[in-house]
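>>> Sequence first, then the predicted structure, then my questions.
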Amino acid sequence: MDEFLWRALLGGVGLAVVAGPLGSFIVWRRMAFFGDALAHSALLGVALAFLLDVNLNLGVVVVCLALAALLAWLQSRGGLAGDTLLGVFAPSALSLGLVAIAFMERLRVDLISYLFGDILAVSPVDLAWIYGGGAVVLAALAVMWRPLLAMTVHEELARVEGVPVERFRLAFIALLAIVIAAAMKIVGVLLITSLLIIPAATARRFARSPEAMAMLAAAFGAVAVAAGLYASLVLDTPSGPTVVVAAAFAFAVSVVLPRRAS
Amino acid sequence: MSPDGAPAAALIHARGIEKSVAGRPILSHVDIDVASGEIVTLIGPNGAGKSTLLRILLRLVAPDRGELWHRPALRVGYMPQRLALDELLPLTVSRFLALGNGGRRADLSAALAEVGAAGVAAAPVQAISGGELQRVLLARALLCDPQLLVLDEPVQGVDLLGQQELFGLIVAIRNRRRCGVLMVSHDLHLVMAATDRVVCLNHHVCCTGHPEAVSRHPAYLALFGPQLGEGFALYTHHHDHVHDPAGHIVELPRGSEPPSAPDHPHG
């Protein structure tokens, strides 16, 4: 197997292992649309990073965090429903990123690879981002696990029991921003949330505890990445979408599978 | 350490609480106290500000004006009004309880036993009945060894017989632990036997005192109408059958006393 294939597999599986637990929380906290809006803003981060000549991943993380802060501020002012606000935000951020990139004529930016991912072009530096960022995210998630789960189940009850809810909410968004930056190369900004949500939704049926669901989601994601990567080579199809199709296929099977009597 | 004018047993002492939401006054000049060992019930119609007051007293929301004193290091056990757990989150009852105390197993089973729900420990939270869920929420509130229990509509979604049992359980917990209890109810008559003091709230405190006295107070009658205050009587009767544990009807011989609950109130 060629070296670039190994890097693609390593990068994809590493990302899936992080996306499983984080995606489970996104499903439990009903933040799928929020994750989508955040991911769509990643392209704006890419444009700004090019403009300011800083690291791309750093640009994406910073722009995602700024957008999350802006969203939180707009939501606290009230007046607009949360989903409407996100519906305004997601396409606006994406379009702003596309327009900004169009302005930079001298730059040759492969837009398709940012939108839909280019897993075969994963570099050793990308791998370092995925595994370094992934380790940080998993460690932070492990530390925050119980209070984060408590506030997901009932926020006010958790607050009365002493959980600093606001701090954990911000920390969770920061973790999401890191994963979005790392995932951009693998599946692209348009498909990142699919890697977070589809494996978690697939795992639900087979899990009896939150931890089991998180680990199963990681496993399903890793299998989808491997299967999708292989299929894209054999069928000569774009790798990012093929990975998502593989994940969606596993989800469909899990839905159709007869329920075991418990 | 207690504030001016409050007894030494005071747990919570609030004076002149004011709160408006979007320019609409929700609470105006509310005074309320809760002391160790007493059960205080907050009643009032829907939208009277009961839940808002509870959230202010729990320090989840800041009042616009007024002073709120908690006994230093007060341990509060809180039972929220409802728990709507998403089907997507696989969680057993014991895991749900463990979220409140870090999972010390002995404490979890002791709390479940105290509320009479030991049988559901391994069941998914989504699969238990409304009455069982209320007991589990009560068990979670007991985990911190509370000095004050704050219960928001504790019998919600429970049938009438179950409501009587739950109120009996709350009284038993108070008697055993000598903790203070502050609870919200929308119906005075259901909680009458289980409460020491009633605070009738409709944006302001309409009247307060012993439940019997409040049920005859003009302000209470104006709020809830005389038909509830006077026309309500316990419907005493005998059953000619009982149910076995499977729910089948077992006829009783005429003239005999049923084995349990010969007279019980219906609403």
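Yep, that arrived. In this text the structure is predicted, and so the values were computed from the model without any measurement.
>>> near chain B, which residues of the stretch 1-150 of chain A show up?
Residues of the stretch 1-150 of chain A lying close to chain B (Cβ under 8 Å from any Cβ of the partner chain) are A:27, A:28, A:30, A:146, A:149, A:150. Yep, even glycine has a C-beta here, placed from its N, CA and C like the rest.
>>> Go again with 10 Å.
Among all residues of the stretch 1-150 of chain A, those adjacent to chain B (criterion: Cβ under 10 Å from any Cβ of the partner chain) are A:24, A:25, A:27, A:28, A:29, A:30, A:78, A:146, A:147, A:149, A:150.
>>> Out of the residues you listed, name the ones that lie in helices.
Using DSSP state H to define helices, the subset of the residues of the stretch 1-150 of chain A next to chain B located there is A:24, A:25, A:27, A:28, A:146, A:147, A:149, A:150.
>>> Buried only: go through these for me.
With neighbours counted using 16 or more other Cβ atoms under 10 Å in any protein chain shown, those contain these buried positions: A:24, A:25, A:27, A:28, A:146, A:147, A:149, A:150.
>>> Could I get the full set of helices for the stretch 151-262 of chain A?
With DSSP state H, counting those that start in this stretch applied, the stretch 151-262 of chain A shows helices at A:155-160, A:165-187, A:192-203, A:210-235, A:239-256, listed in chain order.
>>> again, but for the stretch 1-150 of chain B
With helices called from DSSP H, counting those that start in this stretch, the stretch 1-150 of chain B shows them at B:50-57, B:93-101, B:105-114, B:130-142.
>>> Relative to chain A, which of those helices is closest?
Distances from chain A to each of the helices of the stretch 1-150 of chain B were compared using Cβ to the nearest Cβ; the shortest belongs to helix B:93-101, at 4.2 Å.
>>> That closest one vs helix B:105-114, what angle?
In terms of direction (axes from the mean of the first three to the mean of the last three Cα atoms, to 10 degrees), helix B:93-101 departs from helix B:105-114 by 110 degrees.
>>> and helix B:93-101, does that touch chain A?
Yes: Helix B:93-101 lies within reach of chain A by Cβ under 10 Å from any Cβ, at B:95, B:96, B:98, B:99, B:100, B:101.
>>> quick revisit: out of the buried ones among the ones in helices among the residues of the stretch 1-150 of chain A next to chain B, which one sits closest to residue B:36?
Within those, distances to residue B:36 taken as Cβ to Cβ reach their minimum at residue A:150, with 27.6 Å.
>>> right, and the closest one touches residue A:210 too?
No: in terms of Cβ atoms under 10 Å, residue A:150 does not count as a neighbour of residue A:210; the distance is 11.0 Å.
>>> Overlap in contacts, the two.
Contact criterion Cβ atoms under 10 Å, 6 or more residues apart in numbering or on different chains; residues shared by residue A:150 and residue A:210: residue B:99.
>>> show me the contacts for residue 18.
Going with chain A. With Cβ under 10 Å, 6+ apart, residue A:18 has these contacts: A:130-131, A:133-138, A:141, A:175, A:178-179, A:182-183, A:195-196, A:218, A:221.
>>> let's do chain B instead
By Cβ under 10 Å, 6+ apart, the contact set of residue B:18 is B:25, B:26, B:27, B:28, B:29, B:30, B:56, B:63, B:64, B:65, B:66, B:204.
>>> Do you know the pLDDT at it?
In this model, residue B:18 is scored at 95, pLDDT.
>>> Excluding covalently adjacent residues, which one is nearest to whichever residue of the stretch 151-262 of chain A sits closest to chain B?
Scanning the stretch 151-262 of chain A for the residue nearest chain B gives residue A:160, at 4.1 Å (criterion: Cβ to the nearest Cβ). Computed as Cβ to Cβ, 6 or more residues apart in numbering or on different chains, the closest residue to residue A:160 that is not its neighbour in sequence is residue B:78, at 4.1 Å.
>>> which residues touch that neighbour?
By Cβ under 10 Å, 6+ apart, residue B:78 lies in contact with A:154, A:156-161, B:54, B:58, B:60, B:100, B:137, B:140-141, B:144, B:146, B:148-152.
>>> Go ahead and build a PyMOL selection from the buried members of those.
The following PyMOL command selects only the buried members of the contacts of residue B:78, with burial defined by 16+ other Cβ under 10 Å:
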select buried, (chain A and resi 154+156+157+158+159+160+161) or (chain B and resi 54+58+100+137+140+141+144+146+148+149+150+151+152)
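>>> Any regions of the chain where pLDDT drops low?
All of this refers to chain A. Under the criterion of pLDDT under 70, the regions of chain A flagged as low confidence span A:1, A:78, A:105-108, A:259-262.
>>> right idea, wrong chain: chain B
In the predicted model of chain B, residues B:1-7, B:103, B:225-267 satisfy pLDDT under 70.
>>> what about the strands in it?
B:10-21, B:24-35, B:39-43, B:65-70, B:76-79, B:148-152, B:180-185, B:197-202, B:204-209, B:241-243, B:249-251 (DSSP state E).
>>> Off-centre distance for the first one?
Distance, stretch centre to chain centre, for strand B:10-21: 19 Å (Cα atoms, centre = their mean, to the nearest Å).
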